[in-house]
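[1] Sharing a sequence plus its predicted fold:
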Amino acid sequence: MRRLFAVFMWLFITIVVANFAHADGPREATLYKDPLCTCCAAYGRYLEANGFKVTVIDSVEEIDALHARYKVPAHLEGCHSTVIEGYLVEGHVPVAAINRLLEEKPPLPGISLPGMPDGSPGMSGYKQGAFPIFVISDDAKPPLYSIE
Ligand SMILES: [Cu+2]
C-alpha cells in the first residue's frame, strides 16, 4: 500500500514538473517578412499579444529559401513566413491552429492560410467566412488542417 502511494506521488510530481517545464517562458517564433509589408508586421504583433516571443527578420531572400526548403507550392505561399518549433506557418494563420499544431506535433512541414483574407490576424477588414487552414503539401488540392 505504501509502495503504491509512493508510485502515485512519483507520478504526480512528474506531471507537475513536466507542466512547469512546459510553461517555461513564451514559445519562440521567427517571422520572415518583406521590410515594406505592414500586415506582416501586424501579424508579428498579434503573435506577441498571444504569448509568443517573436523575432522579426526582414528578408525576401530568406522567405524564398524557406519556401524551397519546406516545398511550399505557389498557391500556399503567404505574404510572410513564420517558423515555430520547426513548423512553417504561412500567412495570417490564427493562433488556435498554431497551438493545435504545437500540441499535436503531427509529422507535416507546416500549415498555411493563403490569400490574406479580410479580418484574419494582422489584416484589416471583417471576416467574411471561415478560414481554411491547409497542410503544406505539393498536392494540387492540399489537405485541410483545420477551419478557423
Ligand atoms: Cu499579409
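    Thanks, I have it.
[2] Give me the spatial nearest neighbour of the residue most central in space within the chain, chain neighbours excluded.
    For the chain, residue 98 is the residue whose C-alpha lies nearest the centre (CA atoms, centre = their mean; 3.7 Å). In space, and not counting its chain neighbours, residue 98 is closest to residue 89: 5.9 Å by CB to CB, 6 or more residues apart in numbering. For the C-beta atoms, the positions are set from N, CA and C on the backbone; glycine is no exception.
[3] what's the answer for residue 71, then?
    Closest residue to residue 71 apart from its sequence neighbours, by CB to CB, 6+ apart: residue 138 at 5.6 Å.
[4] again, but for residue 128
    That would be residue 118: by CB to CB, 6+ apart, it lies 5.7 Å from residue 128.
[5] The one you found: neighbour count?
    12 (other CB atoms under 10 Å).
[6] Assumed it was part of a helix.
    No - going by DSSP: H, G, I helix; E, B strand; the rest coil, the assignment for residue 118 is coil, not a helix.
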